[in-house]
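In: sharing a model prediction with you, sequence too.
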Amino acid sequence: MIAATTVRAVNDLTGSWAREAVGERGTALTAAGLWPLLALLAGPAAGEARAELAGAIGTDAEHAVSEGRALLDALAAADGIDAAVGLWTRRVLELRPEWLDGLPLDVHGELSGDAAADAAAMDAWVRRHTDGLIERMPVAAGPGTLLVLASALLVRTTWCKAFREVPLRTTEGPWAGRELAGLHRSDTASEQVRVHRSPAGALTTVQVEGDNGLDVHLLLGPPELPGGEVLRHGVAALGGGYPVQSGTELGDGAGPGVQVRTTTSWDGAPRTQLTCARFTVDADHDLLAQAGLFGLATATDGSRGHFPGISAQPLAVSSARQTVTATFGPLGFRAAAVTAIGMRAGSALRPQQQSQVVSATFDRPFGFLAVHRESGLVLVAGWVTDPDQHQDRPRRLERR
């Protein structure tokens with residue numbers, strides 16, 4: 001079970017990061033992969049670095065390590081999610097046993113100083129824990145690197161109801177004139193289409209259910225609303241932050257991409273039609289470019305040490321990066337992320353009845369949130385600007 005306070009803290013970081021990171025190009029990110037690492041560092045940090053890290057993760061530094069470990073343990077135990085933590089250190093760095101014993105480590109390896117050998121060992125760990133979706137550790141262990149702390153997150157689900165692949169064409173918006181690889185399905189779960197009344201305007205969301213307790217929520221905002229704002233408001237909507245209408249409550253044009261019509265049917269039950277573009281989004285983030293957002297501003301000051309709870313050797317953060325990939329296809333969703341922080345020394349009958357059909361079409365840039373259904377934890381967030389062309393083959397195998 002994931003603590004509600006942790007869910008709120010991670011989702012808040014997701015919304016803040018998305019607002020800052022999403023621009024005109026598509027991207028994906030996971031605060032769920034980063035937050036535990038920041039928590040594992042907040043506990044042993046001191047001074048301003050400790051305060052900044054605690055502020056970024058929204059929890060007390062005194063309990064941060066245990067909360068970070070609890071989240072990683074809960075993720076690793078959840079169906080469809082694999083989570084792991086790796087630590088690599090130089091032999092000359094003597095670690096505090098109390099910090100090391102509190103880490104949920106999959107591996108504690110040694111940095112030999114041989115750049116090629118160290119990279120090969122860490123890359124092998126990355127491939128093993130992301131099912132090969134990511135091939136390399138985001139940070140490099142240079143001659144001055146004393147410690148690398150990394151997390152790997154793998155998210156997989158198969159749709160409860162598969163999509164049919166269709167060409168997707170649009171005459172308006174950024175994708176006008178392109179023939180995209182479209183996905184379409186129709187079912188009776190009309191409540192999955194919701195329109196939230198956010199301060200920035202109507203936000204359409206569609207929940208696509210996976211068979212293992214993981215869902216993907218597709219998000220479509222007003223055309224003029226930046227992607228980062230769509231994702232930020234989408235996270236708030238997920239937490240019940242705005243008034244909402246769904247299913248049969250909706251009228252034609254109630255939200256972006258929403259159409260409502262009446263047709264004949266077998267039983268008169270309302271129906272939903274969902275059409276969206278198939279996509280794969282890859283992204284690489286330099287977390288130090290937004291060091292203040294993640295509580296790492298002071299921790300990067302190499303003139304002194306900031307983590308006395310890790311080692312008596314003064315340590316400062318030298319690099320922090322995240323690599324993410326996410327694929328939404330006809331059978332399911334797969335995403336993987338590796339987040340790493342490096343440290344250096346501091347210094348057939350005729351239908352007889354009428355049915356309402358609610359259609360939601362995502363044929364211009366849209367957002368997505370991969371969510372752990374029971375807790376509401378956002379695992380991966382992303383913005384889609386370059387979907388697959390109709391003739392493209394999916395770039396990731398859809399297997400579990």
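Out: It's in.
In: contacts and neighbour counts: CA atoms only from here.
Out: Fine.
In: in the helix or strand containing Glu52, which residues are buried?
Out: For Glu52, the host element (DSSP states H and E) is helix 47-57. The neighbour-count check on helix 47-57 (16 or more other Cα atoms under 10 Å) flags 49-57 as buried.
In: distance from it to the middle of the chain?
Out: The offset between the C-alpha centroid of helix 47-57 and the centroid of the whole chain comes to 23 Å, using Cα atoms, centre = their mean, to the nearest Å.
In: ditto for stretch 377-389
Out: Averaging C-alpha coordinates over stretch 377-389 and over its chain gives two centres that are 9 Å apart (Cα atoms, centre = their mean).
In: helix/strand/coil for Val216?
Out: Three-state call for Val216 (DSSP: H, G, I helix; E, B strand; the rest coil): strand.
In: give me the contacts around stretch 224-235.
Out: By Cα atoms under 8 Å, 6 or more residues apart in numbering, the surrounding residues in contact with stretch 224-235 are 11-12, 14-16, 18-24, 198, 200, 203, 205, 219-221, 365-369, 378, 381-383.
In: return the subset of the residues you listed lying in helices.
Out: 11-12, 14-16, 18-21 (DSSP state H).
In: how about Leu105, what does it touch?
Out: 84-87.
In: in the sheet, who's paired with it?
Out: Val85 (DSSP bridges).
In: now it: how far from Asp73?
Out: Applying Cα to Cα, to the nearest Å, the value for Leu105 to Asp73 is 11 Å.
In: can you map out the helices along the chain?
Out: When secondary structure is read from DSSP H, the chain shows helices at 4-21, 31-42, 47-57, 61-77, 97-100, 115-129, 227-238.
In: out of those, which one sits most buried?
Out: Ranked by mean neighbour count under mean count of other Cα atoms under 10 Å, these are led by helix 31-42, which reaches a mean of 27.
In: give me the contacts around that one.
Out: Residues external to helix 31-42 that are found in contact with it (Cα under 8 Å, 6+ apart): 10-11, 13-14, 17, 49-51, 53-54, 57, 61, 64-69, 71-72, 103, 149-153, 294, 307, 337-339, 377-380.
In: so, low pLDDT: which residues of this structure?
Out: Counting by pLDDT under 70, the chain contains low-confidence ranges at 264-268, 348-355, 392-400.
In: okay, now the domains of it?
Out: Per the record, the chain has its domains at 4-157+280-345, 160-278+350-384, by automatic domain parsing.
In: show me where the stretch 301-400 of the chain has strands.
Out: 315-328, 332-345, 353-362, 366-372, 377-384 (DSSP state E, counting those that start in this stretch).
In: closest to Arg96 out of those strands?
Out: Using Cα to Cα as the measure, strand 315-328 is the one of these that comes nearest Arg96, at 12.7 Å.
In: check contacts around Gly332.
Out: Under the criterion of Cα under 8 Å, 6+ apart, the neighbours of Gly332 are 156-159, 162, 210, 398.
In: check the gap between Tyr242 and His233 for me.
Out: 9 Å.
In: and for these two, which residues touch both?
Out: When contacts are counted by Cα under 8 Å, 6+ apart, the set common to Tyr242 and His233 consists of Ser198.
In: isn't Cys160 up against Gln207?
Out: No: taking Cα atoms under 8 Å as the definition, Cys160 is not a contact partner of Gln207, at 11.5 Å.
In: which of those two has more neighbours?
Out: Regarding Cys160 and Gln207, a neighbour count based on other Cα atoms under 10 Å identifies Gln207 as having more, with 19 against 14.
In: what pairs with the more buried one across the strands?
Out: For Gln207, the residues forming beta bridges with it (DSSP bridges) are His217.
In: tell me who's in contact with it.
Out: Under the criterion of Cα under 8 Å, 6+ apart, the contact list for Gln207 reads 192-193, 215-218.
In: can you pick out the most distant pair from those?
Out: Maximum distance among these (Cα to Cα): 13.5 Å, for Val193 and Asp215.
In: neighbours of Ser112, how many?
Out: 16.
In: for Phe362, same thing?
Out: Taking other Cα under 10 Å as the definition, Phe362 ends up with a neighbour count of 22.
In: hmm, back to that, output the contacts of Leu105 as CSV; include the columns distance to Leu37 and neighbour count.
Out: As requested, those are arranged in CSV below (distance: Cα to Cα, whole Å; neighbours: other Cα atoms under 10 Å):
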residue, distance to Leu37, neighbour count
Ala84, 11, 23
Val85, 9, 25
Gly86, 10, 20
Leu87, 11, 23
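In: mind putting these into JSON lines with distance to Arg278?
Out: Below are the contacts of Leu105 laid out as JSON lines (distance: Cα to Cα, whole Å):
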{"residue": "Ala84", "distance to Arg278": "29"}
{"residue": "Val85", "distance to Arg278": "31"}
{"residue": "Gly86", "distance to Arg278": "33"}
{"residue": "Leu87", "distance to Arg278": "36"}
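In: out of those residues, which is nearest to Pro270?
Out: The nearest member of those to Pro270, counting by Cα to Cα, is Ala84 at 43.1 Å.
In: thinking the closest one is in contact with Ala76, fair?
Out: Yes: here Ala84 lies in contact with Ala76, judged by Cα under 8 Å, at a distance of 7.3 Å.
In: list residues touching both of these two?
Out: Overlap of the contact sets of Ala84 and Ala76 (by Cα under 8 Å, 6+ apart) is empty.
In: so who does Asp282 touch?
Out: Residues counted as contacts of Asp282 (Cα under 8 Å, 6+ apart) are 27-28, 323-326.
In: gap between it and Gly221?
Out: Relative to Gly221, Asp282 is positioned 22 Å away (Cα to Cα).
In: same check, this time on Pro174
Out: Distance, Pro174 to Gly221, using Cα to Cα: 14 Å.
In: compare these two (neighbour count), which wins?
Out: Remark: of Pro174 and Gly221, Gly221 carries more neighbours, 28 against 14, as counted by other Cα under 10 Å.
In: find the nearest non-adjacent residue to the more buried one, please.
Out: Of all residues not flanking Gly221 in the chain, Leu203 sits nearest, at 4.7 Å (Cα to Cα, 6 or more residues apart in numbering).
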